[in-house]
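Novice: I would like the atomic coordinates for the input below:
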Amino acid sequence: MTNTVIRAVQNQAVSPPSPGRAPTIPYAVARRPPLAGRPCAPPDLSTTHLGTPAIRLHARLGLIALSLLLPLVLAVVVLACLHVLTARGDHDRVLLWVEGTPAQLQSLRGRVLHHEVFAHGESVTGGYARHRPDDCAPDSTAISFSRLRRFELAAARYTLDALAREAGAQPCRGHALVYNDLPNPLDVAQWADSLVSLLLVLLIPTGSVLVVYWAASQQHGLPSLWRSPGSTGGAMAIGAAGATAAFTALQLVALATRAFAPWLGPEASSWQPGTLSLPVFLLAGVYAPFLTELAFRAWLLPIASRAVGNVTAAFISALAGTALPWPEGPGDALASLAFGLVMAAVFLRTRSLPACVVAHGGCAVLSLLAGTGA
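Specialist: Purely as a prediction, here's the structure:
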């Protein structure tokens, strides 16, 4: 009986079709497996039947948890590096402004620069104007000890007072404590410390995020890091429009919060440096947007949308981007939520990580220019 069925199937597979009748293809021939090495698109769990409702819910929750993995890794690694760099490092400074005759200031300078306990002394006429108290003259001399640990601050402050009295100089009434006075990478004398800071703040978070992303990119169909699936020019144009839309949304949230709900607190916690320079623009306009958009859009949105659809995934992305940096208040949370929704819309429209980086970086640059009055 079995041999008869097999012969019938073989005859059906090789027999020519009857006139006026389409050939019939056996089910085994029509359902060929995909070629080895051919990439297969990940299934959309929002429309694919996965069996019982319990299994379907379990798979959806698993994908949502997976979509939050890379943002959580980024937040944990960045916070850990900043903790090591600040709390565990010797990057604090004590400042004191003094006035006196040139001879007194010269004597004080020698005492500060060659102190036997605090080796990193400094004396700058008119220096550290941003930290200078109001009762100190603009041309007063700033003396300081740097590279201090927290438990050394009180002793360093007392030592500066004693050195000023010994030299006959008149100190101002106020001191200044500068916490996390990190080394300047543009100063050749501080390059050794700058390399450590660069390793902790830039290289370790970037490497951690890229390793996780590349490990799962092919399996989950994640977008390319530098290519856009459609027109590159169109994606960049949408990214530029997204930068304008995000900046406008932040300004509208700020105006609405100040006008109708000032009790919500600060509208947005934006970083404002003392001066604008090329490293500042690279950090705020390229590096930080790349890591953020890689984790919260290029990773989170494709994986979460397979479980709950694009709209819900966009809200998950915006909420995750609001919660993980821990907003300073409800006003800051509203601004972050609006910003995250705009970035999610840019990604869902383009499916392009470079477009999201352009949108995020452009909004950050506009905020920097607006904050400094440029």
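
Novice: which regions of the stretch 101-250 of the chain sit below the pLDDT cut-off?
Specialist: By pLDDT under 70, the low-scoring segments of the stretch 101-250 of the chain are 173-200.

Novice: Strands of that one, residue ranges please.
Specialist: Using DSSP state E, counting those that start in this stretch, the strands of the stretch 101-250 of the chain run over residues 121-125, 141-148, 170-178.

Novice: Tell me which of the ones you listed sits most buried.
Specialist: Looking across these with neighbours counted as mean count of other CB atoms under 10 Å, the highest average goes to strand 141-148: a mean of 23. Placement of C-beta: from N, CA and C, glycine included.

Novice: excluding its backbone neighbours, what's nearest residue 121?
Specialist: Excluding the flanking residues, the one nearest residue 121 by CB to CB, 6 or more residues apart in numbering is residue 112, at 4.0 Å.

Novice: and the one you found, how many residues sit next to it?
Specialist: Counted with other CB atoms under 10 Å, residues neighbouring residue 112 total 23.

Novice: I'd like the distance between it and residue 131.
Specialist: Plainly put, residue 112 is 17 Å away from residue 131 if you go by CB to CB, to the nearest Å.

Novice: Likewise for residue 115?
Specialist: Distance of residue 115 to residue 131, computed by CB to CB: 21 Å.

Novice: Please apply the same query to residue 144.
Specialist: 10 Å.

Novice: Then residue 117?
Specialist: Distance check for residue 117 against residue 131: by CB to CB, it reads 23 Å.

Novice: ok, those two, which is more surrounded?
Specialist: Higher neighbour count among residue 117 and residue 131: residue 131, with 16 against 9, using other CB under 10 Å.

Novice: Quick check: phi and psi at that one.
Specialist: Torsion angles at residue 131 (phi, psi; degrees, to the nearest 10) stand at phi -100, psi -10.

Novice: Correct me if wrong: it contacts residue 96.
Specialist: No - using CB atoms under 8 Å, residue 131 makes no contact with residue 96, being 10.7 Å away.

Novice: Just want the phi and psi numbers for residue 120.
Specialist: The phi/psi pair for residue 120 (degrees, to the nearest 10) is phi -110, psi 70.

Novice: Next, the contact list for it, please.
Specialist: Residue 120 sits next to 145-147 when contact means CB atoms under 8 Å, 6 or more residues apart in numbering.

Novice: Distance to residue 282 for the residues you listed - can I get that in a markdown table?
Specialist: Listed next are these as a markdown table, based on distance: CB to CB, whole Å:
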| residue | distance to residue 282 |
| --- | --- |
| 145 | 31 |
| 146 | 25 |
| 147 | 26 |
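
Novice: Count the neighbours of residue 282 for me.
Specialist: That count, for residue 282 with other CB under 10 Å as the rule, works out to 12.

Novice: Which strand or helix spans it?
Specialist: Using DSSP states H and E, residue 282 falls within helix 278-282.

Novice: Let's see the helix or strand that comes right after that helix as CSV, backbone CA atoms only.
Specialist: Counting by DSSP H and E, the next helix or strand C-terminal to helix 278-282 is helix 288-293. Extracted in CSV, the C-alpha atoms of helix 288-293 (Å, rounded to 0.1, in the frame of the first residue of the first chain):
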residue,chain,number,x,y,z
ALA,A,288,25.8,61.1,23.2
PRO,A,289,23.0,61.0,20.5
PHE,A,290,24.7,58.0,18.8
LEU,A,291,24.7,55.9,22.0
THR,A,292,21.2,57.0,23.1
GLU,A,293,19.6,56.4,19.7
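
Novice: so residue 328 sits in a strand?
Specialist: No - assignment of residue 328 by DSSP: H, G, I helix; E, B strand; the rest coil gives coil, placing it outside any strand.

Novice: Using the three-state scheme, assign residue 98.
Specialist: strand.

Novice: Not counting sequence-adjacent ones, nearest residue to it?
Specialist: Distances taken as CB to CB, 6+ apart put residue 169 closest to residue 98, at 4.2 Å, once the chain neighbours are dropped.
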